[in-house]
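1. Got a predicted model here, sequence first, then my questions.
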Amino acid sequence: MSLIRLSTQALAYGYHAGEPFFPPLELCCRAGEITAILGANGRGKTTLLHTLLGFLPPLAGTVQRNGAIGFVPQLFTPPFSYSVLDMVLMGRAGRIALFSLPTAHDIAAAHRALEMLDIAALAERDFSALSGGQRQLVLIARALASECQTLILDEPTAALDLHNQAQVLQLLTQLAREQGLCILLTTHDPSHALAIAQRALLLMADKQYLYGHRDKVVTEENLTRLYGIPVRQVTLEMPEQPPYQALIPLFTLTEPR
Ligand SMILES: Nc1ncnc2c1ncn2[C@@H]1O[C@H](COP(=O)(O)OP(=O)(O)OP(=O)(O)O)[C@@H](O)[C@H]1O
């Protein structure tokens, strides 16, 4: 059994004491494993990530962290203007001594992270002048530059085009498989959870949650309950590739009058 990087014991979280979002939550995330967190808007996914990261105190219970954690937040615009390279170097902050400049090793790590995301050409650009998708890739590079053992990402593919979504999903799979990273991500795309995660957490209505192996949890029935619209699973056969499992929402639109 591989190393436990992040776990919770009877965790209650939320903003107001006495009103936890969910009943005591027991999570166990191991090295080399990807966990996907799904739930409707406002159900508490970001709040959970902030509690796991230690930004918010638990209302009850505990979070055990083992090793350095890198975090990719939802998109934000920094108050000052920074180059992309400087933004990525911020991921090294924990490794640079106070009042010291980044070393050649830090700068090389930042460039490596930019190359992993295929955005080396953006290094000298102003971060605030980038598109939303480009900024999202830079924030992922910043987390990777920290050389963390656990990576927590809040909707990492939300602003990305299809090519970059595939690239980021592929990269996360490689980081888990080849470097043993423990990865947790939130997503609104259940197909992404099926494609890359081993475990899934569904934050349901009525303060219930479902947690376990993705094949048991990310099902048509559970997603239909979760989102309140019918969701169907289809298997797509592709030449020389393993079959691809997609989860399709069935939107029924009423005719305009
Ligand atoms: N600082 C805060 N103080 C009090 N309540 C908050 C605060 N931040 C968020 N909330 C509330 O907590 C609930 C959960 O918010 P959260 O951002 O965790 O949801 P989410 O599942 O990540 O949503 P989304 O999918 O829309 O990103 C929401 O009702 C939100 O209004």
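-> Sure thing, it's come through. Residues are numbered from 1 along each chain as shown.
2. low-confidence ranges in the stretch 101-250 of the chain?
-> Judged by pLDDT under 70, the stretch 101-250 of the chain has no weakly predicted residues.
3. which residue sits closest to Leu59, ignoring its sequence neighbours?
-> Ala12 (4.4 Å; CB to CB, 6 or more residues apart in numbering). All C-beta spots, glycine's among them, are computed from the backbone N, C-alpha and C.
4. The ligand contacts on this structure?
-> Counting by CB under 6 Å from any ligand atom, the residues of the chain close to the ligand are 15, 39, 41-47.
5. at 5 Å instead, please
-> 15, 41-47 (CB under 5 Å from any ligand atom).
6. could you flag which of those residues are buried?
-> Buried residues within those, defined by neighbour count using 16 or more other CB atoms under 10 Å: 43-47.
7. where along the stretch 151-257 of the chain do the helices fall?
-> 162-179, 190-196, 214-217, 220-227 (DSSP state H, counting those that start in this stretch).
8. re the thing from before, in the sheet, who's paired with the residue nearest to Leu59?
-> Ala12 has these beta-bridge partners by DSSP bridges: Ala60.
9. in stretch 45-57, what counts as buried?
-> Using 16+ other CB under 10 Å as the test for burial, stretch 45-57 gives 45-53, 56.
10. contacting residues around it?
-> Outside stretch 45-57, the residues that touch it by CB atoms under 8 Å, 6 or more residues apart in numbering are 6, 8, 11, 13-15, 21, 25, 27, 37-39, 58, 63, 65, 69, 71, 74, 152, 154, 184, 186, 203.
11. Also stretch 238-250?
-> With CB under 8 Å, 6+ apart, stretch 238-250 has contacts from 190-191, 194-195, 218, 220, 223, 227, 229-237.
12. what's the spacing between stretch 87-101 and its chain's center?
-> Chain-centre distance of stretch 87-101: 23 Å, with CA atoms, centre = their mean, to the nearest Å.
13. what's the span of it, first residue to last?
-> End-to-end distance of stretch 87-101 (CA to CA, to the nearest Å): 14 Å.
14. now what about it, what contacts it?
-> The contact list for stretch 87-101, computed with CB under 8 Å, 6+ apart, reads 68, 70, 78, 82, 102-103, 106-107, 109-110, 113-114, 127, 138-139, 141-147.
15. And the next helix or strand past the helix or strand hosting Ser7?
-> Take DSSP states H and E as the rule and Ser7 turns out to sit in strand 4-12. Sequence order places strand 28-30 as the next helix or strand after strand 4-12, per DSSP H and E.
16. about what we covered before: buried ones among the contacts of stretch 238-250?
-> Counted by 16+ other CB under 10 Å, these give 190-191, 194-195, 218, 223, 231, 233 as buried.
17. Dump those into JSON lines; add distance to Pro256 as well.
-> JSON lines is the format used below for these (distance: CB to CB, whole Å):
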{"residue": "Pro190", "distance to Pro256": "29"}
{"residue": "Ser191", "distance to Pro256": "30"}
{"residue": "Leu194", "distance to Pro256": "34"}
{"residue": "Ala195", "distance to Pro256": "35"}
{"residue": "Val218", "distance to Pro256": "34"}
{"residue": "Leu223", "distance to Pro256": "28"}
{"residue": "Val231", "distance to Pro256": "25"}
{"residue": "Gln233", "distance to Pro256": "31"}
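18. Show me which pair in the residues you listed is furthest apart.
-> Using CB to CB, the two most remote members of those are Ala195 and Val231, lying 15.4 Å apart.
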